[in-house]
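> What would the 3D arrangement of this be:
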Amino acid sequence: MNAVTLYHNPRCSNSRNVLALIQHAGIEPEIVEYLQMPPSRTQLLVWAAASGRGLRGLMREKEARFIELGLAGPDVTEADLLDALAAHPELLNRPIVVTSRGVDLCRPPERVFELLPVPGPLPPFELENGQQVWDSGKRR
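You can find the predicted model right below:
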């Protein structure tokens, strides 16, 4: 089985739902609590490129620190964003999932299905809030 790594915040319902969806697929992922073990600058750059989201697309724009640091402005550079993410891991949106099929920010949680290294589709799954999600079977 291919490895799956989940960059996780256990206090986040989206992150918990992604963990449950991965386990629903029969996979026990490597879990990295990124607030305790922040990603390196290199990892951040790799994820930004591999996900196609860029650094800004990986940031929690609703986080108080984002606003406090003035990161929404048009004059903020990629280097500024990288410095902020490296210094303040709470700015990283979650959950980030890394598999042999790619890297992505899995919001909404069912986005993880396309990264799973298993044949699909998987049976429907109920999220914490009672919403059912379905796997189309499409994989990257």
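
> Now do the strands in the chain.
With DSSP state E, the ranges of strands along the chain come out as 5-8, 30-33, 96-99, 102-105, 125-126, 132-133.

> so what strands line up beside the fourth one?
The strands beside strand 102-105 in its sheet (DSSP bridges) come out as strand 96-99 (antiparallel).

> Pull the strand it pairs with out as PDB, backbone CA atoms only.
Output of strand 96-99 as PDB, limited to C-alpha atoms (Å, rounded to 0.1, in the frame of the first residue of the first chain):
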ATOM      1  CA  ILE A  96      -2.900  18.800   3.800                       C
ATOM      2  CA  VAL A  97      -2.700  15.300   2.400                       C
ATOM      3  CA  VAL A  98       0.400  13.900   0.600                       C
ATOM      4  CA  THR A  99       0.200  10.600  -1.300                       C
END
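
> Begin at 583, not 1, for the rest of this chat.
That works, and once the first residue is 583, the last one we named lands at strand 678-681.

> Which strand residues bridge the residue nearest to residue 601 when sequence neighbours are not counted?
Nearest residue to residue 601 in three dimensions, chain neighbours excluded: residue 588, at 5.9 Å (C-beta to C-beta, 6 or more residues apart in numbering). In short, each C-beta sits where N, CA and C put it, glycine included. According to DSSP bridges, the partner residues bridging residue 588 are residue 613, residue 679.
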